[in-house]
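Trainee: My questions concern the predicted model and sequence given below.
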Amino acid sequence: MFKQQKRPLVAISLIVLFLLILIPSHKSVHFKSGLLPFFKYPLSIFYHINSSVFHAKKIFTFYSEYLAIKKENDEFKFKINQLKEAEHENVRLLKMLDLKPKLPYESIAAQIIAKEPTNWLNTLIINKGEKNGIAINQPVMSFSSLVGKIMEVGGSTAKVLLISDANSRVVVLIQRTRVEGMLEGIGNGLCRLKYMPVNADVKLGDVVVSAGVGGVYPKGLIIGNIESIRIERGGIYKSGIVKPAASLSGLEEVLCLKSSLKQ
Amino acid sequence: MFKIKFKTMRFVLISYFTLIFQATLINSISIAAIKPEIILLLVIFFALYNGPSAGMFCGMVLGICVDVLSGGILGINSFIFGSAGFLCGILKERVYTVHLLTRILIPMISCIFYLGLYYIIAGTFYHLPFLADNFYIILGTIVYTTIFNIFFSLLLEKWVIVRTTSLL
């Protein structure tokens, strides 16, 4: 049986823990990032094992994917040549108009060492931190598309808030029609695109890119494709479900974009 | 003296590797992005065998570690796991821990308690997914955690209790 003399101790402990919740997150982050190095190396090792298991599961689909990718590669080579031509033309025209060309951002490559241990949130832990030039709100990409932003930074680790998390908000554009909307995570690996005008030209499969509004995400980063569209209750706005282009569950490495432009 | 030290060491090691497992390898066995709450299961197991005070302490320590690894609020998991550990610990002398019904009902109720309280507390400070959108997360977590516990508790009993007894 539970001893009576321990009751005040239990009550005090629970009250202290509840008060801990009330500490603002910008203050508690120092405590959290201070303890994270104790887990860093085992997490890194076990995450590699997890990635191997993930790939082993997919090995049977690799060959057919390889053939499809090879075919796609040939098409891309042709397109790259065309784009190079267009780039040269673009630079010439910008010079003529006396405008500075938009350069890609500098990036820091980082490895993922752990994932969110709970089912509610969608975050990652990476093996680079403040010492490596990572800062809060830096956009985080897979090698082709946006995956999130830095939410907490420690000395040698950082936490990434994925775009599929319910706390994530990104102002986006439909690449084809330039319709603007707000992208928010819905927690199950997908995102919801909200606040598009009801008469907006949006189709299934349309590519969604960042709008560059708000100062966190640069313009034009690919985010994903529209999977479904519906008109919101009240008939004022249209919304859609967006599937991120990057496989958020199978990520191993990411790029953190620095806020300064490459010189 | 040796017994206490060995028990503490054993608890620390099991907890540490369970934490690492929950943040990494558990993703390999997740179904539709749902993973079992094995830290909660460890707290329940420990509380049922050691009583309310030890259960609460174990819940608090493991909860703080989950908070460190998680992107959520500091203290939320610690508070809920601590409470769950305390409540399960009270049942120590009232339930038959190795009974199948105990293995199913206690994790199920604890999981509902954990998810419900997490949603209420985190929802106050954070933006959480709408319940309607993610009802399957709640249901899936409860079902998966409960089924997982049947094997997990057997493993813990076999490896932790039997091995320790034979060593001592």
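Mentor: Thanks, I have the structure now. Numbering: from 1, shown residues only, chains lettered A, B, ... in the order given.
Trainee: Sketch out the low-pLDDT regions of chain B for me.
Mentor: Residues of chain B meeting the criterion pLDDT under 70: B:1-5, B:127-133, B:160-168.
Trainee: Try it again at 80.
Mentor: Low-confidence segments of chain B (pLDDT under 80): B:1-8, B:10-11, B:32-33, B:97-98, B:123-136, B:158-168.
Trainee: Mind naming the longest helix for it?
Mentor: Assignment by DSSP state H gives helix B:100-125 as the longest helix of chain B.
Trainee: phi, psi of the residue nearest the centre of chain B?
Mentor: Centroid check for chain B by C-alpha atoms, centre = their mean gives residue B:40 as the closest residue, at 1.1 Å. Here is the backbone geometry of residue B:40 (degrees, to the nearest 10): phi -60, psi -40.
Trainee: again with residue A:158
Mentor: Dihedral pair for residue A:158: phi -150, psi 160, per degrees, to the nearest 10.
Trainee: Write down the beta-bridge partners of it, one by one.
Mentor: Note on residue A:158: beta-bridge partners by DSSP bridges are residue A:126, residue A:153.
Trainee: burial count for it?
Mentor: Per other C-beta atoms under 10 Å in any protein chain shown, the neighbour tally for residue A:158 reads 28. No exception for glycine: its C-beta is placed from N, CA and C like everyone else's.
Trainee: wait, it sits on residue A:129?
Mentor: Yes - judged on C-beta atoms under 8 Å, residue A:158 makes contact with residue A:129 at a distance of 5.1 Å.
Trainee: Can you give the contact residues for stretch A:76-85?
Mentor: Contacting residues not belonging to stretch A:76-85 are not present [C-beta atoms under 8 Å, 6 or more residues apart in numbering or on different chains].
Trainee: Off-centre distance for that stretch?
Mentor: Centroid displacement of stretch A:76-85 relative to its chain, using C-alpha atoms, centre = their mean, to the nearest Å, is 28 Å.
Trainee: quick one on the thing from earlier: tell me who's in contact with the residue nearest to the centre of chain B.
Mentor: Neighbour list for residue B:40: B:81, B:84, B:107, B:110, B:111, B:114, B:145 [criterion: C-beta under 8 Å, 6+ apart].
Trainee: The third one - nearest residue in space that isn't next to it in sequence?
Mentor: This points to residue B:107. residue B:149 (4.2 Å; C-beta to C-beta, 6 or more residues apart in numbering or on different chains).
Trainee: follow-up on the earlier one: just name whatever secondary elements the longest helix of chain B is in contact with.
Mentor: helix B:38-50, helix B:76-90, helix B:135-156 (3 or more C-beta pairs under 8 Å, 6 or more residues apart in numbering or on different chains; DSSP states H and E).
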